[in-house]
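1. here's a sequence, model it:
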Amino acid sequence: MLLALISGFALSQAYRTVTAIIAVALQADFGLSPSSLGLFAGLFALTFGAVQLFMGVGIDLYGLRRTVLVAAPLSVLGAALSAWSPSYGWLLAGQALIGLGCAPAFLACTVFIARHFAASQFAAVSGMSLGLGGIGMLFTGSPLAWLVEQYGWRSGFATLGLLSVLSWLLIAWKVHEPAQDASAAPRQSWLAATREFGVLMTQPYSWGILAMALVTYASFLTLRGLWLGPLLMERQGWSLVASGHLALVVSLISLVSPGLFGRLDPGPLRRRRWLVTTTSITALLYAALGLLHTGWLNVVLIIVIVTVSGGAVLQYAHVRSSYPPEATGRAMALLTMAMFLGAALMQWLTGLMASWATHHGLDPFAAVMLGIAALLCLGATAFQTLPVSPRLRQQV
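-> Just a heads-up that it's a prediction; the model follows:
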């Protein structure tokens, strides 16, 4: 059952990183500016993140199987719309539908693991699930680059749509949940369940956590999911397939790096310092990537950035330590929402930065990478200076 759910998560990983490979083709077909391209890439993360809380409530009230099966067909519709789209507006509509359809994919895996595996197995099984789900990003490396080069960017969406249908059928066939106990407490209302998320926002320490969450995953997704292909092809003159090869390497590193940092977790006393340090180092690396144009050095910087970005996985342990057990699920959903809304915001902002730089005759990729570095610094500063959870102080 878990593997069936992971198939949906893997496809969501593919959809969210597809832009890096098809960006140049989209710009050629629709005449997109960098800001329009950034809006397109960010729309998946925006719709995905905006409904995370509602997906969490839906899973609690109606079950994860029903929630996934109801939402997932939207990604199929969105992929079909994207493959057919005659204009930029239709392309945006398809991207929004894909984000909505993929919204419960990762949350459903997490909830399933929490419900069906012992607490001592949670970290190991979650890490395995993240690794397997990352297979979706491998598809948007060399395989997608070859497919797009041979048959055009529309074939990429058509293929992903077909795979989404197969994933839906697999989940419908394999995933089943225990029948509702007749003696269980009455089902909570949507209003009451949603109101509980608002309580978390009243905690001062939540804002530092959210500030960091808005920029960490966003920086990785903005590089891997949007600017990696254009940077290599336009700044370095690489071919689409060659860019796909590096995207494949980056994806492989992103599967391993979070697990490595998870094993190196220093515990509550030093975890905050590690998060601030890795985020600050990542910011410096992005600044270097923006300012240095040497080809081999850009490749090295990209690889190191992706490796160090794995330290952001410690946010999950930080959240688990910061909130009481009964609020952990809601806090995790809030963290996930912040991560994807931050990704949408950063992709949109970097598109504006690139357009501004191009208009003024400056290097658009320097503007993008320096902008990412600045946002990472802001997130790390807010995380460091805003209050810490009293619960975490007690553990320390």
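
2. alpha carbons only for contacts and neighbour counts from here, please
-> OK.

3. excluding chain neighbours, give the residue nearest to residue 321 in space.
-> The shortest distance from residue 321 to any residue other than its chain neighbours is 6.0 Å, reached at residue 392 (C-alpha to C-alpha, 6 or more residues apart in numbering).

4. that neighbour is in what secondary structure piece?
-> In the assignment (DSSP states H and E), residue 392 maps to helix 390-395.

5. could you pull up the mean pLDDT of that helix?
-> Mean pLDDT, helix 390-395: 72.

6. thinking again about what came up before, I'd say the residue nearest to residue 321 and residue 270 touch.
-> No - contact criterion C-alpha atoms under 8 Å: residue 392 and residue 270 do not qualify, at 11.4 Å.

7. compare those two and say which is more crowded by neighbours.
-> residue 392 (16 against 11; other C-alpha atoms under 10 Å).

8. wait, what's in contact with the more buried one?
-> Counting by C-alpha atoms under 8 Å, 6 or more residues apart in numbering, residue 392 makes contact with 268, 321, 322.

9. let's see it at 10 Å
-> Residue 392 makes contact with 268, 269, 318, 319, 320, 321, 322, 323, according to C-alpha atoms under 10 Å, 6 or more residues apart in numbering.

10. dump those to JSON lines, plus secondary structure and pLDDT.
-> Below are these laid out as JSON lines (DSSP: H, G, I helix; E, B strand; the rest coil; pLDDT from 0 to 100):
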{"residue": "268", "secondary structure": "helix", "pLDDT": "76"}
{"residue": "269", "secondary structure": "helix", "pLDDT": "75"}
{"residue": "318", "secondary structure": "helix", "pLDDT": "83"}
{"residue": "319", "secondary structure": "helix", "pLDDT": "82"}
{"residue": "320", "secondary structure": "helix", "pLDDT": "75"}
{"residue": "321", "secondary structure": "helix", "pLDDT": "79"}
{"residue": "322", "secondary structure": "helix", "pLDDT": "85"}
{"residue": "323", "secondary structure": "coil", "pLDDT": "82"}
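
11. report the buried members of the residues you listed.
-> 268, 318, 319, 320, 321, 322, 323 (16 or more other C-alpha atoms under 10 Å).

12. adding distance to residue 365, write the residues you listed out as CSV.
-> Compiled in CSV, those are given as follows (distance: C-alpha to C-alpha, whole Å):
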residue, distance to residue 365
268, 37
318, 33
319, 34
320, 37
321, 38
322, 37
323, 39
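
13. which SSE is the nearest residue to residue 84 once chain neighbours are set aside in?
-> Sequence neighbours aside, residue 154 is the residue nearest to residue 84 in space, at 7.3 Å (criterion: C-alpha to C-alpha, 6+ apart). Assessed by DSSP H and E, residue 154 sits inside helix 153-174.

14. burial of residue 234, as a residue count?
-> Residues near residue 234, counting by other C-alpha under 10 Å: 12.

15. check contacts around it.
-> 24, 365.

16. low-scoring stretches of the stretch 201-350 of the chain, by residue?
-> In the predicted model, the stretch 201-350 of the chain carries pLDDT under 70 at residues 326, 328-329.

17. helix or strand right after the longest helix along the chain?
-> Counting residues, the longest helix found in the chain (DSSP state H) is helix 328-359. Downstream of helix 328-359, the next assigned helix or strand under DSSP H and E is helix 364-385.

18. flag every buried residue along that next one.
-> 364-384.

19. do me a favour and average the pLDDT over that helix.
-> On average, helix 364-385 scores 96.

20. show me what that helix is packed against.
-> Counting contacts by 3 or more C-alpha pairs under 10 Å, 6 or more residues apart in numbering; DSSP states H and E, helix 364-385 packs against helix 204-213, helix 216-222, helix 268-291, helix 328-359.

21. report the angle between it and helix 328-359.
-> Inter-element angle recorded for helix 364-385 and helix 328-359: 150 degrees (by axes from the mean of the first three to the mean of the last three C-alpha atoms, to 10 degrees).

22. ok, residue 298 touching residue 365?
-> No - with contacts counted by C-alpha atoms under 10 Å, residue 298 stays clear of residue 365, the gap being 11.5 Å.

23. thinking again about what came up before, look up how far residue 91 lies from the residue nearest to residue 84.
-> 11 Å (C-alpha to C-alpha, to the nearest Å).

24. what sits in contact with each of those two?
-> 26, 79, 81, 82, 83, 84, 85.

25. so the first one sits against residue 86, correct?
-> No - with contacts counted by C-alpha under 10 Å, residue 26 stays clear of residue 86, the gap being 11.5 Å.

26. when those two are compared, which one has more neighbours?
-> residue 26 (19 against 12).

27. so the more buried one is in which element?
-> Going by DSSP H and E, residue 26 is in helix 19-30.

28. pLDDT averaged over that helix - what is it?
-> The average pLDDT within helix 19-30 is 89.

29. by contact count, what packs against the longest helix of the chain?
-> Using 3+ C-alpha pairs under 10 Å, 6+ apart: helix 328-359 touches helix 34-50, helix 52-62, helix 105-116, helix 190-201, helix 204-213, helix 216-222, helix 314-322, helix 364-385.

30. and those helices as CSV, adding distance to residue 2?
-> Listed next are the helices and strands packed on helix 328-359 as CSV, based on distance: least, C-alpha to C-alpha, whole Å:
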stretch, distance to residue 2
helix 34-50, 21
helix 52-62, 15
helix 105-116, 7
helix 190-201, 26
helix 204-213, 26
helix 216-222, 24
helix 314-322, 20
helix 364-385, 34
